[in-house]
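Novice: quick check, what structure comes out for this input:
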Amino acid sequence: MTVTQPDVSVVIGAYEAMPYLVECLASVEAQTLDPARLEVVAVDDGSTDGSGEYLEKFAARTPFPVTVIRQANSGGPSGPRNVGLAKATGRYVFFLDADDRLGPEALERMVAMADRNNTDVVLGRIEGINRNPPKSMWHKTLERTDVHSSNIKFTLSAQKLFRHAFLTRHGMRFDESLWTGEDALFTMEAYLRADGVSVLADYTCYYLVGREDGKHVTKSGSYTLRFDSARVLMKLIADLVPPGERRDALMIRPFLVTLLPQFGPRFLKDGEEVRARKLELAKPLMDRYWGDGVARRLKVEERLRLHLVAAQRPELLADVVKFVKDKKQAAALLEKRGTRVYLVYPHFRDRAAGIPDAVYLAGPREARGFHGYRENSPRTFARRVLRKARRILTSRAAAGGTPAVL
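Specialist: Sure, this is the predicted structure:
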């Protein structure tokens, strides 16, 4: 009897996943993809709530093969995913969290897109149920793109379709030493190594479910884990992308999503010891990876906070964080005939603080929201040159008594 390789292996790591696991598995069973083209590898990571038993019952009744592995609790999602990946036999692998669920046509559409474009990673549109998913990358379906030409760097969760041979070729596995951010590291590496990425934005493939008990890995754990996550992600980017515009653009993600929240409203509640520890953990990252190329891509308040982190100025940082937390609107100061907009956040042009004006300078996108702003475009520059030339010729003509024509 000939055994046909399945198109996709759905890898599910489950820990204390009931009752969410019921709908998760039902969404797999409801897939429009031919059951002969599908397999499930489920790893029960030491659950005590009946998740393992339910997986075994599911395996006994489904029309497609289901492998259930039961193991002692590993402490995080990386272990079960790696175990499942090692057992997967499909051409593609999809990592499905046990408390989330798939859209009915998700696997069929994503496999078709990967086959059509010969891409190594496919992102299916994500919607949230009691959770806020990333949104900026779903504006348009992209048959073939990459991490430099799209906004996919802001969705680094593991719930993507990956070409199995691609993962094997690069020896890719989840880092089991990380307790959070392991999926970001894995997915960013996949983006950077992939021969093409597809974005399926016109169909909801994945429903990110907010648990009523609030038990999401990304919401738990010590703040020190976030710095570990930022450190390894920044190092990966630096190792795989040469210095320059592309690296700076990618560094925005760990700075904004992983590092900056540690210096948001929660910073005001931290004791002096925790504040000092956070700045200590941030210092080597700021020293190595922070610079003008990253800073100029951020909004003023983001740039200002990170500038103060880099400068190790907790007393000034607390003032800025409080200003932002109170949702105050910074006044706009227009200079250079409206071509420069400075946002007057705390300590602007305060000599004692010594923060450079450039930190408060709004970029074109942010500045456009203020009345009176005139974008310093090449056309504006050309008009200034023309006006200056006219003034020079006019003055020369006046001095020589000859009319100027320009």
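Novice: those strands in the stretch 151-300 of the chain, which residues are they?
Specialist: With strands called from DSSP state E, counting those that start in this stretch, the stretch 151-300 of the chain shows them at 161-163, 197-209.
Novice: which of those strands sits closest to residue 99?
Specialist: Set against residue 99 and scored by Cβ to Cβ, the strands of the stretch 151-300 of the chain come closest in strand 197-209, at 5.3 Å. All C-beta atoms are positioned from the backbone trio N, CA, C, and that covers glycine.
Novice: tell me how far the ends of stretch 349-357 are from each other?
Specialist: 7 Å (Cα to Cα, to the nearest Å).
Novice: and what of stretch 358-366?
Specialist: Termini of stretch 358-366 sit 14 Å apart (Cα to Cα).
Novice: about what we covered before: can I get the strands of the stretch 151-300 of the chain in CSV including mean neighbour count, distance to residue 58 and mean pLDDT?
Specialist: CSV is the format used below for these (neighbours: other Cβ atoms under 10 Å; distance: least, Cβ to Cβ, whole Å; pLDDT from 0 to 100):
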stretch, mean neighbour count, distance to residue 58, mean pLDDT
strand 161-163, 25, 22, 98
strand 197-209, 20, 18, 97
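Novice: so for residue 52, which of these sits nearest?
Specialist: Nearest to residue 52 among the strands of the stretch 151-300 of the chain is strand 197-209 (20.1 Å), distances taken as Cβ to Cβ.
Novice: just the CA atoms of the closest one, as PDB, please.
Specialist: Output in PDB follows, covering the C-alpha atoms of strand 197-209 (Å, rounded to 0.1, in the frame of the first residue of the first chain):
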ATOM      1  CA  VAL A 197       6.800  35.000   1.900                       C
ATOM      2  CA  SER A 198       3.000  35.100   1.000                       C
ATOM      3  CA  VAL A 199       0.400  37.200   2.900                       C
ATOM      4  CA  LEU A 200      -3.200  36.000   2.600                       C
ATOM      5  CA  ALA A 201      -5.200  39.000   3.800                       C
ATOM      6  CA  ASP A 202      -8.600  38.500   2.200                       C
ATOM      7  CA  TYR A 203      -9.700  35.500   4.300                       C
ATOM      8  CA  THR A 204      -9.600  35.000   8.100                       C
ATOM      9  CA  CYS A 205      -7.400  32.000   8.600                       C
ATOM     10  CA  TYR A 206      -6.800  32.200  12.300                       C
ATOM     11  CA  TYR A 207      -8.800  33.200  15.300                       C
ATOM     12  CA  LEU A 208      -6.700  34.300  18.300                       C
ATOM     13  CA  VAL A 209      -8.800  33.600  21.300                       C
END
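Novice: leaving out chain neighbours, which residue sits closest to the residue most central in space within the chain?
Specialist: For the chain, the residue nearest the mean C-alpha position is residue 154 (2.5 Å; Cα atoms, centre = their mean). Among residues not flanking residue 154 along the chain, residue 134 sits closest, at 5.2 Å (Cβ to Cβ, 6 or more residues apart in numbering).
Novice: and that neighbour, which of the three is it?
Specialist: coil (DSSP: H, G, I helix; E, B strand; the rest coil).
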